[in-house]
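Engineer: Okay, structure incoming, though there's no sequence with it:
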């Protein structure tokens, strides 16, 4: 519901296609074998969806490992902000 309301409002304002939208999830169920914090499929497959039609072509699927901490330098780069020197993550 929340994401749909946000997208509807951005579209109504004419800002949807120029807005960077990032949606991600959690690393699985806690306390379950082979789940959160483990390098099994159930613990490492986390949804990550990025939408920014004015800057990113749609339809791309990446099957590589991506670290969520890489979002910080990615967002800095998208906003034309210098990535801090001490930041070890890499822009996607």
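Structural biologist: Structure's in. What do you need? Computed from a predicted model, the values in this text were never measured in an experiment.
Engineer: what about the nearest residue to residue 92 once chain neighbours are set aside, how many neighbours?
Structural biologist: Leaving aside its sequence neighbours, residue 92 sits nearest to residue 74 (Cβ to Cβ, 6 or more residues apart in numbering; 4.6 Å). All C-beta spots, glycine's among them, are computed from the backbone N, C-alpha and C. If you count neighbours by other Cβ atoms under 10 Å, residue 74 ends up with 19.
Engineer: Can you tell me how far residue 74 is from residue 86?
Structural biologist: Distance from residue 74 to residue 86, counting by Cβ to Cβ, to the nearest Å: 17 Å.
Engineer: what do you get for residue 17?
Structural biologist: Distance from residue 17 to residue 86, by Cβ to Cβ: 34 Å.
Engineer: quick one: the worst-scoring helix or strand of the chain on mean pLDDT to chain centroid distance?
Structural biologist: Lowest on mean pLDDT, DSSP states H and E among the helices and strands of the chain sits helix 41-44, with a mean of 72. Centroid displacement of helix 41-44 relative to its chain, using Cα atoms, centre = their mean, to the nearest Å, is 17 Å.
Engineer: Would you mind pulling up the elements that the helix or strand just after it packs against?
Structural biologist: Sequence-wise, the next helix or strand downstream of helix 41-44 (DSSP states H and E) is strand 48-51. If you count contacts as 3 or more Cβ pairs under 8 Å, 6 or more residues apart in numbering; DSSP states H and E, strand 48-51 packs onto strand 21-24.
Engineer: Helix, strand, or coil at the residue in the chain sticking out farthest from the centre?
Structural biologist: Residue farthest from the centre of the chain, counting by Cα atoms, centre = their mean, is residue 33 at 25.8 Å. The three-state label given to residue 33 by DSSP: H, G, I helix; E, B strand; the rest coil is coil.
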